[in-house]
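>>> test case, fold it:
(2 chains)
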Amino acid sequence: MLRQKRFQKREERAVNRDTFVQEEASLGLTVMDSPNDPQPSLRLEAGRVVEIDGRAEADFDVIDRYIARYAINTETAVEAMAMDSLLLARMLVDINTPRKRLVQLLSGCTPAKLCSIVSHLNVVEMMMALQKMRARRRPGNQAHVTNWRENPALMAADAAEAALRGFDELETTCRVARMAPFNALAILVGSQTPRGGVLTQCAVEEALNLRLGLKGLTSYAETLSVYGTDESMRDGDDTPWSKGFLASAYASRGIKIRFTSGTGSETLMGWEAGRSMLYLEARCLMIAKGAGAQGVQNGSISCVALPSALPGGVRAILAENLIAAALGLEVASGNDAMSSHSDMRKAAKLMLQFLPGTDFITSGYSSMPRKDNMFGGGNFDADDLDDWMIIQRDMRVDAGIEPVREAEVLAARRRGAQAIQAVFRGLGFPEIGDAEVEAATTAYASDDMPERDLVRDLAAADAFLDGPLTAFDVADALAKAGFADIAENIRGMQRVRVSGDYLQPAAILAKDFTTESAFTDGNDYLGPGTGFRLEGEAWRKIAAIPQARSAEEMVPISSGKAGIVLRERGPAAVGTEPEVVVALGPAFADTLDTTLCGLSHGETLRAILAGIASQGIKARIVKVFATADCGMIGHEGARLSGSGIAIGLQSKGTAVIQRKGLAPLNNLELFAQAPLLSREAYRQIGANAAGHALRRPPTPVPVKVDNMARLRLIVHALLMHKREVACVQRGRAVVDMDVIHDA
Amino acid sequence: MTREPEEADLRRKIGPEDVTISRETLLAQAARAEAEGYPQLARNFRRAAELTAIPNDVLLQTYEKLRPYRSTYYALLALSQEISARYDAPETGEYIRQAAEAYRAKGLLAEE
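Below is the predicted model:
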């Protein structure tokens, strides 16, 4: 078969390892607007919902019954359902319609109505709407903290680092389920090390999850999964009623919860009944709303590859985040499971939540390398942190992670590991050695950790779970070992349960344990100049990435060793004999002394002179003071040259071969990529200029091509050029120069 | 070598029982949610307020009984009455009764 070589090359690209499938509604392979989706409808009788989306009460399935009874706000339902979906879509984007009004209206809508509203919006409009509908004013983020070896010292160190980086919530899980109590303990201790108030959870089976919460080891849960058809709900071994009960059970113990749902789960379970993924997700969100959940994590979550395989899939995922927010729910907006092989595609998808901001941009940023992520991947992980920081700085956006310095990270990691060591010692758990603490401090991944006796750890974890010890004993052990601040933070995490403020929508805790929620710090965005603005100290923090240096410290723009001394002889006259003029920039071997590629001015000039001499023609050196422009320097040189040929040389190393009579910005040969010019290249520039002077056909100078050079050195080049410009003396005539070589 | 349990006990000024959210607090949070336009959240907090009276093990057992195919219709009705009467939890009782009706209508009950 005849192949086009560029097609063959592109086949190797990461994006072509992703799966793409055509829409097929009968298989549930459609993200939005399936022909099998019902038309929106709602009928009330005496305040009771008796029809939803074309289905009468007698035919309600379990989910319809739940939505009808608990989710739909009947006070606004008649008004909202009568409104044109397009009008409601426009109100979502309209900066003059407040969030609260939209939450009221959309809470009176049916699942099909919600879908028909968002299907009018393109992704930019959805992002504008999400920016307004997000519950909390300030966006936040959640981290995943796990490791393959389930080493408690590493887990505490990773949790401490994640807390230092500003994550508001940390989530762990287990490779071996019995480790849950120790993993929950390790991230609790680590999370409270650099600051108090970071919420933690351990994703395990519901009953165990609740027990961990009751011991005070976790402060929130997001394992309450719901699905959009009765059959898939049943396969999840729950009903809307059982999940709703669980929500109340957690709240009764002062523990924050959010539900979990996402497009594609029903299709994967085989129970989508030909409906679109978004329609079923809208049903899930109304179960969550009806149960009285304060929020959800959605955005396809672990199913993300499925909607992403379909046309419009990434848009549909944004649409589900938007529907959740528009129902007044806190949204932890996915971006946690692997969504693509392609970094470009992953980043593009991320921007849909990153730029408008959500309550938690990811529902789990992998704070460790991918192989240690026990959630099965980690779309963005420890290796991607710098990219994240820099994109925040590029866009002036707070996506919930703060830049930190390596020294701070080392200190926080060591202290977190020492704290869990003290807890294990104090409570009689298997010893964590000093070597483990040190390894955890510097570790890249759990491979760097010494092996632990898993059998002993598991036995101790079992005993801890079944025994009487609670978070208060953990705090006591810490206090006794000299970690009074961490002990106090862990007690603080228990005390916040008393007030229940952090049960309210989108609640997170500041380091003084005060609550920031939709009620205390609600999103008040109403267009430019309102809502969350990244300003002042917060912006300064995001901008201050460690990679950014001040202009002065950035480049040693002069080394102090030009390797040459030049002396002015007198005004330069127009030459009369065959010669090549070498015209230098005003800062040459003066306030600058090295080219961008690191050659000293002495080495550079000697190479050019040797090249000229190799062709048996004289060279004359002049200095141009009136301009710093390479073309103009060459133009001046050519004007004075007896042969009409000159080399113009800027102090940063950019060179040009010029002939008298050419326009200043025209030239014979230009060597614009100064960073790539080696000593040999300068020698050939000299030889070529001589060739032009002697009317011999020139051989091209072999110049390396590096398209990244400009990217790498643009600030250096700018700083050097600034210095050259500072040496310019307008109106000063060109001067002949004598060369005195340095020893 | 003896440890110092007495000292540890004295030092423990607060314990889990001191950081339990109260029925009144949850009702206040429910009122707050209602005022902010979150009636479902308010209802959840009112049920939670009732559940503060229920011991941990009963809480977990009740959840288990509400999962699909775990309980008969009459077992759920009995559970509804017991929770409602014994723990002064009428909203939760009604919630369980609604589950019983839905499970009966949609075949989510345990075999008799």
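
>>> quick one: buried residues of stretch A:387-402?
Within stretch A:387-402, the residues scored as buried using 16 or more other Cβ atoms under 10 Å in any protein chain shown are A:388-389, A:391-393, A:397-402. C-beta: built from backbone N, CA, C; applies to glycine.

>>> centre-most residue in chain B?
With distances taken as Cα atoms, centre = their mean, the residue of chain B nearest its centroid is residue B:51 (3.2 Å).

>>> show me the chain divided up by domain.
Using chain A. Using automatic domain parsing, the domain parsing of chain A gives A:142-543, A:564-741.

>>> that answer is for a different chain, and I need it for chain B
B:19-52, B:55-112.

>>> need the ones you listed in CSV with mean pLDDT and distance to residue A:717, can you?
Conversion of those to CSV gives the following (pLDDT from 0 to 100; distance: least, Cβ to Cβ, whole Å):
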stretch, mean pLDDT, distance to residue A:717
domain B:19-52, 97, 56
domain B:55-112, 97, 66
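
>>> any idea which of these is most buried?
domain B:19-52 (a mean of 21; mean count of other Cβ atoms under 10 Å in any protein chain shown).

>>> for the longest helix seen in chain B, list the C-alpha coordinates in PDB.
Counting by DSSP state H, the longest helix found in chain B is helix B:90-106. Presented in PDB, the C-alpha positions along helix B:90-106 are these (Å, rounded to 0.1, in the frame of the first residue of the first chain):
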ATOM      1  CA  PRO B  90     -39.900  11.200  62.200                       C
ATOM      2  CA  GLU B  91     -38.300  12.600  59.100                       C
ATOM      3  CA  THR B  92     -35.900   9.600  58.800                       C
ATOM      4  CA  GLY B  93     -38.800   7.300  59.600                       C
ATOM      5  CA  GLU B  94     -40.800   8.800  56.700                       C
ATOM      6  CA  TYR B  95     -37.800   8.600  54.400                       C
ATOM      7  CA  ILE B  96     -37.500   4.900  55.200                       C
ATOM      8  CA  ARG B  97     -41.200   4.400  54.600                       C
ATOM      9  CA  GLN B  98     -40.800   6.000  51.200                       C
ATOM     10  CA  ALA B  99     -38.000   3.600  50.400                       C
ATOM     11  CA  ALA B 100     -40.200   0.700  51.400                       C
ATOM     12  CA  GLU B 101     -42.900   1.900  48.900                       C
ATOM     13  CA  ALA B 102     -40.400   2.400  46.100                       C
ATOM     14  CA  TYR B 103     -38.700  -1.000  46.800                       C
ATOM     15  CA  ARG B 104     -42.000  -2.800  46.800                       C
ATOM     16  CA  ALA B 105     -43.100  -1.100  43.600                       C
ATOM     17  CA  LYS B 106     -39.800  -1.700  41.800                       C
END
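
>>> which strands or helices does that helix pack on?
The contact analysis (3 or more Cβ pairs under 8 Å, 6 or more residues apart in numbering or on different chains; DSSP states H and E) places helix B:90-106 against helix A:62-66, helix A:240-252, helix B:39-51, helix B:56-66, helix B:73-86.

>>> quick one, that helix and helix A:240-252 angle?
Counting by axes from the mean of the first three to the mean of the last three Cα atoms, to 10 degrees, helix B:90-106 lies at 160 degrees to helix A:240-252.

>>> fine by me, thanks again.
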